[in-house]
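Got a sequence here, can you build the structure:
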Amino acid sequence: MSIQKLLFSDPASAILKKGLDIEMMRNSVIASNIANVETPGYKAKNINFEKTFQDALGTKGQLKMSQTNRGHIATGIDTLVRTQPKVEVETDPSRPDGNNVNIDKEMTKLADVQLGYDALSTAMVKRGAILKYAITDGKG
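Predicted coordinates:
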């Protein structure tokens, strides 16, 4: 088994990778909002993936079955990996020029995205370190 397959084919890695992808998309949308803060008529956009993420994983306070064999019924992980986030237009009130970008709100979202990305990338690095430790029998 290749190290790439080992790192990225299991459910935990799939969730981490998808999370990193989503945070990058959210960062791009927020950057666009900030860049257009003075553009008349521009409507702020947002990616809210949390609900889609929970729906795909089936984490509404219920126990979730796990797939122990590829021939079994698919789990929410497969659905999550295929799910793409939707960019939504914010419904915040507009200024007289029609722009509804709130720079304070966008900067708060940007800080949130940075924290989320840092946490996910740290988890991915730690996961790699654990696998390396296991592969080298604790000698590397």
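
Which helix runs longest in this protein?
helix 103-135 (DSSP state H).

pLDDT averaged over stretch 112-131 - what is it?
Averaging pLDDT along stretch 112-131 gives 91.

How about stretch 82-93?
For stretch 82-93, mean pLDDT is 87.

Can we start the residue count at 53 from this point?
Noted, 53 is the first residue going forward, which turns the last one into stretch 134-145.

Sticking with the residue nearest in space to the middle of the chain, tell me its helix or strand.
For the chain, the residue nearest the mean C-alpha position is residue 71 (2.7 Å; Cα atoms, centre = their mean). Using DSSP states H and E, residue 71 maps to helix 63-87.

just to revisit the earlier point, neighbours of the nearest residue to the residue nearest to the centre of the chain once chain neighbours are set aside, just the number please.
Once flanking residues are discounted, residue 71 sits nearest to residue 172: 4.6 Å by Cβ to Cβ, 6 or more residues apart in numbering. Just so you know, the C-beta spots here come from the backbone N, C-alpha and C atoms, and that holds for glycine as well. As a burial measure, residue 172 scores 19 neighbours (other Cβ atoms under 10 Å).
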